[in-house]
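Chemist: kindly generate the corresponding structure for this input.
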Amino acid sequence: MTDQNRNFSLLFTTRIIRLFAFGFMSVILVLFLSATGLSDAQIGLLLSLTLAGDVLVSFWATSVADRIGRKRMLIVGAFLMALSGLAFAFTRDPVALTFFAILGIISPSGNEIGPFLSIEQAALSQIIPDRKRTAVFGWYNLVGSFATALGALGGGLLARTLQKSGMAELDSYRHIMGGYAAGGLALMILFLFLTKAVEAPRTRPALAEEKGPKRVFGLHRSKRTVFRLSALFSLDAFAGGFVVQSILAYWFHVRFGLDAGTLGGIFFGANLLAGVSALLATRIAARIGLVNTMVFTHIPSNVLLCLVPLMPTPTLAVALLLLRFSISQMDVPTRQSYTMAVVEPDERSAAAGITGIARSIGASVSPALSGLLIANPVLFSAPLFLAGGLKIVYDISLYRMFQKVRPPEELTDKAGQAAGK
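Modeler: Next up is the predicted model:
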């Protein structure tokens, strides 16, 4: 097996394990925190602090990854993931939980968090050609969504099974957090087998500085593009933070009385649909372009999100949620591919890190606000309306600012079509 194939397989395998662990834990996370005695407002604050801690960890890891090693930073991230899982499994002290939530890596949404995605995006973009990048990212997101779905299903069913066997609710959730920690340990072992091919190519910084713009956080020619994208992605993540998977699960639990097992099944189906939507996005993008795919699939999904709390029965609410998930992730592989495409090759790690951190910053604030809103019976469903509305603002802004900024493969296709006429 060549180094390229070995690294490719390892990065996909670690993606599957990581997203399974995130989904496994996310469905019961808020239920676990509630069982420890935290109020809705305290839970929201802890989730926000969790995401804020992710910003710090991600900024540090991505800023030094190309210098001291991408492999090393991935191992550090896996260690922090295992550490937080173990801490949550063995303590119910609010101060300790908050400390390890900030220091470690916990995913309230069931989606990627920490430095993993930014570093892996840069590594994958380095070993695949431009024309295959969006397709690879589509499969990368598909396997991640399937893994999250299976994790959500497994976590919910395990909690229900343990509780039916006579185990206390809190203890059943602690077993799940222990499983999350085991996922982090598995990642540490697998990352050890990555080869030097995943590392950033060595450059001559002094010569590069003389021939081009000054670097800022690892960026040079693409600074303006990355900072504008970061601002928009931060708005999108801020909106999404109102409805992270843990909060959505809690909303359905309180609104319709659905238990952990049922919620696990719902989010299993939701994440399967999300994965398929991510893969379909690659075909749509090949026809209408990356930016158009991001915008024209995202707006309808957010309209559906706003309609969920208006449904009078759990069946209708779940049906709309699943319909929303069937198109909600089409912007993910296209967004990732677009970011890697519109920056210079030696800026990819920095661009992925900065845009990822911007998303984490945006997402770190809204869960606390969501917790406050949910705690008020009158505003109980406000997070879903806010999330959908703000995301539509993001879509419109993205289209207006970047519809004319095309990636290299789209420029090549357009030139080829013109030459053929």
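Chemist: distance of Gly156 from Thr334?
Modeler: Going from Gly156 to Thr334 by Cβ to Cβ, to the nearest Å gives 30 Å. Heads up, the C-betas are built off the backbone N, CA and C, glycines and all.
Chemist: oh, that last question was meant for Ala368, not what I typed.
Modeler: 30 Å.
Chemist: these two - which one has more neighbours?
Modeler: Thr334 (29 against 21; other Cβ atoms under 10 Å).
Chemist: after the helix or strand containing that one comes which helix or strand?
Modeler: With elements taken from DSSP states H and E, the one containing Thr334 is helix 331-341. Following helix 331-341 in sequence order, the next helix or strand is helix 348-375 (DSSP H and E).
Chemist: buried residues, that following helix. List them.
Modeler: The neighbour-count check on helix 348-375 (16 or more other Cβ atoms under 10 Å) flags 348-374 as buried.
Chemist: before we move on, what about stretch 312-332?
Modeler: 317-318, 320-332.
Chemist: lowest pLDDT pick from those?
Modeler: Of all the buried residues of stretch 312-332, Gln329 carries the smallest pLDDT score, 80.
Chemist: return the residues in contact with that residue.
Modeler: When contacts are counted by Cβ atoms under 8 Å, 6 or more residues apart in numbering, Gln329 touches Asn141, Ser145, Ala274, Gly275, Ser277, Ala278, Ala281.
Chemist: how much space separates it from Gly275?
Modeler: Taking Cβ to Cβ, one finds Gln329 at 7 Å from Gly275.
Chemist: which neighbours do those two share?
Modeler: In contact with both Gln329 and Gly275: Asn141, Ser145, using Cβ under 8 Å, 6+ apart.
Chemist: quick one, what contacts the nearest residue to Ala368 once chain neighbours are set aside?
Modeler: Ranked by Cβ to Cβ, 6 or more residues apart in numbering and with sequence neighbours excluded, the top spatial neighbour of Ala368 is Ser48, at 3.8 Å. Residues near Ser48 by Cβ under 8 Å, 6+ apart: Gly241, Ser364, Val365, Ser366, Pro367, Ala368.
Chemist: residue ranges of the helices in the stretch 101-250 of the chain, please?
Modeler: 116-127, 130-164, 169-191, 205-211, 223-240, 245-256 (DSSP state H, counting those that start in this stretch).
Chemist: most tightly packed of those helices?
Modeler: When the helices of the stretch 101-250 of the chain are scored by mean count of other Cβ atoms under 10 Å, the highest mean neighbour count falls to helix 116-127 (a mean of 23).
Chemist: what's around Pro377, how many residues?
Modeler: Neighbour tally, Pro377, other Cβ under 10 Å: 8.
Chemist: just name the shakiest helix or strand of this structure by mean pLDDT.
Modeler: helix 205-211 (a mean of 46; mean pLDDT, DSSP states H and E).
Chemist: just the buried residues of stretch 312-332 now: which is nearest Gly261?
Modeler: Nearest to Gly261 among those is Val318, at 14.1 Å by Cβ to Cβ.
Chemist: Gly23 and Thr50, how far apart?
Modeler: Counting by Cβ to Cβ, the gap from Gly23 to Thr50 is 16 Å.
Chemist: enumerate every residue touching the nearest residue to Glu199 once chain neighbours are set aside.
Modeler: In space, and not counting its chain neighbours, Glu199 is closest to Arg70: 5.6 Å by Cβ to Cβ, 6+ apart. Residues counted as contacts of Arg70 (Cβ under 8 Å, 6+ apart) are Ile119, Ala122, Ala123, Leu194, Val198, Glu199, Ala200, Ser349.
Chemist: save these as JSON lines, and put in distance to Gly389 too.
Modeler: Shown next, in JSON lines, are those (distance: Cβ to Cβ, whole Å):
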{"residue": "Ile119", "distance to Gly389": "33"}
{"residue": "Ala122", "distance to Gly389": "33"}
{"residue": "Ala123", "distance to Gly389": "36"}
{"residue": "Leu194", "distance to Gly389": "42"}
{"residue": "Val198", "distance to Gly389": "40"}
{"residue": "Glu199", "distance to Gly389": "43"}
{"residue": "Ala200", "distance to Gly389": "40"}
{"residue": "Ser349", "distance to Gly389": "34"}
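Chemist: biggest separation within those residues, which pair?
Modeler: It's Leu194 and Ser349 that sit farthest apart of the contacts of Arg70, by Cβ to Cβ, at 15.0 Å.
Chemist: measure stretch 325-333 end to end?
Modeler: Start and end residues of stretch 325-333 are separated by 15 Å (Cα to Cα, to the nearest Å).
Chemist: stretch 281-294: which residues count as buried?
Modeler: Going by 16+ other Cβ under 10 Å, stretch 281-294 has these buried residues: Ala281, Thr282, Ile284, Ala285, Ala286, Gly289, Leu290, Val291, Thr293, Met294.
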